[in-house]
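A.B. asks: 3D, please:
(one chain, ligands or ions: 1)
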Amino acid sequence: MESVEELSNHAPCMGAEQVDPTVIAETNLDCALPYLNHLQPGLVETLRQPKRTITVSFPVEMDDGSVQVFRGYRVVHNRTIGPGKGGLRFHPDLNLAEVCLLASLMTWKCALSDVPFGGAKGGVVCDPKSLSQRELQQVTRRFVSELGDNIGPYTDIPAPDLYTNAQTMAWVYDTYDVMHSGNNNRAVVTGKPLSLGGSAGRTEATGLGCFHATERLVENFQIEGLKTLKGATVVIQGFGNVGAVAAHKFAEAGAIVIALSDSQGGIVNEAGIDLDAAAEHKREHGTLVGLPGTLSLTNEALLELECDVLVPAAMGAQICNHNAANIHAKLVVEAANSPITPAADQILGERGITVLPDIVANAGGVIVSYFEWLQNLQNQSWELDEINSKLLKKIYRAVDVVIERWQVLQAEAPAEPEELADFPLNLRTAALVIAIERLAEVVEQRGIWP
Ligand code: NAD
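C.D. replies: Modelled structure (predicted):
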């Protein structure tokens, strides 16, 4: 392992490939195409475009009395299997192409996890860290009112994502409920606070599911030098909802979490980080950086640390063609959505690094969101044990079918291997093939209207 001092001096990732979300979505779909020749011609093409995109602009009166205009998006990628489902993201760099990519990931994720939803995503272009709670509430409420009846319990159901949380979802619910009084509207949004019809286990679901998926993969897939999580070294980028829960689960399983980060930088201790102390330090200082007993490093250097399992759990496109050759993990687990670009995917594959794709690794969130939706429609409240055991079954099943399909596709590789030279067969492709086949089956059963 390089010394931490050396790593912390690494320059930030410069000169990376142009990361275009549309190209990422297209390339991943293209990789699956050679394995989908048996489907109705043209069917896969319908999945390239979102079903519906909505862009809204709205004014909000700020605390200082000025008026600021915000832009928001809501995209439904596909509704073949059920209503649209997907998170709301508040971030200054959000754009429509990215929301379309994220909505398509939700389509694949729901199909793969056997959750009866289609894919959707949305958000507001804003810097939530610079907004007061009152301003955030105004932004949320006005955004939801602009969306009007384009969201609803049976049409499109939002949830939390980057820089939104249970409080944001409570405002979404309240705004919709005021606009539709007299109904049971709880199922319009998931990830709500428990007292408002939220589900036990929803906050932890994505991190927990990510851990279970990793555990299952490590047990059942041949990863060179990684047979168990016990004693495995783990590096996690992002210490928010997903990253923090995943970190605790890995540590509970006997893994050693050696590095963590947030938007301000990373910390490392090769003997293992005290996670409770890290959480306390972040609460007190707003960042992990400076935690006693750890050394600081940049987020870029953190990704390049030698470890068994690397878990990007923050932003998209963190591993690209510029740094993929410097990744020193045996397994990369995509807790975040789309943290690896297609070019990086290829480089990691060639270097024998396994990738557990996002549509498996972070499906726990939408699975428990589905449980929350069911509870809301039935006015029920399930026990945490019941929820977690149902989650475990669904996650294990998703990992198992992806491994099985990968093995089958590998064995049936076409006679002309050069045909696939640019499209390496990895777990992402196997997962996508299953998801698209499931969608195709439902399209065939329903027929294409009219
Ligand atoms: P969060 O807002 O709770 O936490 C995000 C974390 O990332 C924070 O620690 C933040 O400091 C860090 N971060 C932000 N910018 C960074 C940067 N440039 N470099 C390094 N770290 C940075 O968000 P979350 O809910 O934990 O979501 C994390 C990822 O997981 C996102 O990609 C999201 O789409 C994905 N995801 C979340 C859920 C869910 O249920 N919350 C479900 C599926 C997928």
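A.B. asks: rest of the way, CA atoms for contacts and neighbours
C.D. replies: Will do.
A.B. asks: how far does the helix or strand hosting Val23 sit from its chain's centre?
C.D. replies: Using DSSP states H and E, Val23 sits within helix 21-32. Remark: helix 21-32 is offset 17 Å from the chain centroid, using C-alpha atoms, centre = their mean, to the nearest Å.
A.B. asks: tell me if that helix is near the ligand.
C.D. replies: No: contact of helix 21-32 with the ligand (C-alpha under 6 Å from any ligand atom) is absent, the minimum separation being 13.5 Å.
A.B. asks: what about the nearest residue to Gln264 once chain neighbours are set aside, which SS state?
C.D. replies: Nearest in space to Gln264, with sequence neighbours left out and distances taken as C-alpha to C-alpha, 6 or more residues apart in numbering, is Thr287 at 6.6 Å. Using DSSP: H, G, I helix; E, B strand; the rest coil, the structure places Thr287 in coil.
A.B. asks: how much space separates Thr287 from Lys249?
C.D. replies: Using C-alpha to C-alpha, to the nearest Å, Thr287 is found at 21 Å from Lys249.
A.B. asks: Asn388 too?
C.D. replies: From Asn388 over to Lys249 (counting by C-alpha to C-alpha), the distance is 13 Å.
A.B. asks: and the closest residue to Asn185 other than its chain neighbours, what element?
C.D. replies: In space, and not counting its chain neighbours, Asn185 is closest to Asp177: 6.0 Å by C-alpha to C-alpha, 6+ apart. Applying DSSP H and E as the criterion places Asp177 in helix 166-179.
A.B. asks: what about that helix, near the ligand?
C.D. replies: No: under the criterion of C-alpha under 6 Å from any ligand atom, helix 166-179 makes no contact with the ligand; the nearest approach is 9.9 Å.
A.B. asks: and that helix, average pLDDT?
C.D. replies: The average pLDDT within helix 166-179 is 98.
A.B. asks: ok, Gly123 touching Gly86?
C.D. replies: No: using C-alpha atoms under 8 Å, Gly123 is not in contact with Gly86, being 10.1 Å away.
A.B. asks: more crowded one of these two?
C.D. replies: Gly86 (32 against 28; other C-alpha atoms under 10 Å).
A.B. asks: residue boundaries of the strands in the stretch 201-350 of the chain?
C.D. replies: Along the stretch 201-350 of the chain, counting by DSSP state E, counting those that start in this stretch, strands occupy 233-237, 256-262, 265-268, 295-297, 309-312, 331-333.
A.B. asks: the ligand is nearest to which of those strands?
C.D. replies: strand 256-262 (3.5 Å; C-alpha to the nearest ligand atom).
A.B. asks: model confidence over the one helix or strand Ser389 maps to, on average?
C.D. replies: Secondary structure from DSSP H and E places Ser389 in helix 384-411. The pLDDT scores in helix 384-411 average 97.
A.B. asks: picking that back up, name the helices or strands packed onto the helix holding Asp177?
C.D. replies: Contact here means 3 or more C-alpha pairs under 8 Å, 6 or more residues apart in numbering; DSSP states H and E; on that basis helix 166-179 packs against helix 133-147, strand 156-160.
A.B. asks: pick out the residue nearest the middle of this protein.
C.D. replies: Asn337 (3.5 Å; C-alpha atoms, centre = their mean).
A.B. asks: isn't it up against Asp358?
C.D. replies: Yes: using C-alpha under 8 Å, Asn337 is in contact with Asp358, at 5.6 Å.
A.B. asks: and the lengthiest strand in the chain, what does it pack against?
C.D. replies: Longest strand in the chain by number of residues, with DSSP state E as the criterion: strand 67-78. Packed against strand 67-78, as judged by 3+ C-alpha pairs under 8 Å, 6+ apart, are the following elements: strand 52-61, strand 84-90, helix 96-112, strand 118-125, helix 133-147.
A.B. asks: re earlier: can I get the helix holding Asp177 in CSV, CA atoms only?
C.D. replies: Only the C-alpha atoms of helix 166-179 are listed here, as CSV (Å, rounded to 0.1, in the frame of the first residue of the first chain):
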residue,chain,number,x,y,z
ALA,A,166,-37.6,12.1,5.7
GLN,A,167,-38.3,15.7,6.5
THR,A,168,-38.3,16.6,2.8
MET,A,169,-40.7,13.7,2.2
ALA,A,170,-43.0,15.0,5.0
TRP,A,171,-43.2,18.3,3.1
VAL,A,172,-43.9,16.5,-0.1
TYR,A,173,-46.7,14.5,1.6
ASP,A,174,-48.2,17.5,3.3
THR,A,175,-48.3,19.6,0.1
TYR,A,176,-49.9,16.8,-1.9
ASP,A,177,-52.4,16.1,0.9
VAL,A,178,-53.4,19.7,1.1
MET,A,179,-54.0,19.6,-2.6
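A.B. asks: buried residues in that helix?
C.D. replies: The neighbour-count check on helix 166-179 (16 or more other C-alpha atoms under 10 Å) flags Ala166, Thr168, Met169, Ala170, Trp171, Val172, Tyr173, Asp174, Thr175, Tyr176, Asp177 as buried.
A.B. asks: the first one - nearest residue in space that isn't next to it in sequence?
C.D. replies: In this structure, Ala166 finds its nearest non-sequential neighbour in Lys192, 4.7 Å apart by C-alpha to C-alpha, 6+ apart.
A.B. asks: count the residues that sit near that neighbour.
C.D. replies: By other C-alpha under 10 Å, the residues close to Lys192 number 27.
A.B. asks: what residues are up against it?
C.D. replies: Asn165, Ala166, Gln167, Met169, Ala170, Gly198, Ser199 (C-alpha atoms under 8 Å, 6 or more residues apart in numbering).
A.B. asks: ok, so of those residues, who is nearest the ligand?
C.D. replies: The ligand lies nearest to Asn165 out of the contacts of Lys192, by C-alpha to the nearest ligand atom, at 7.4 Å.
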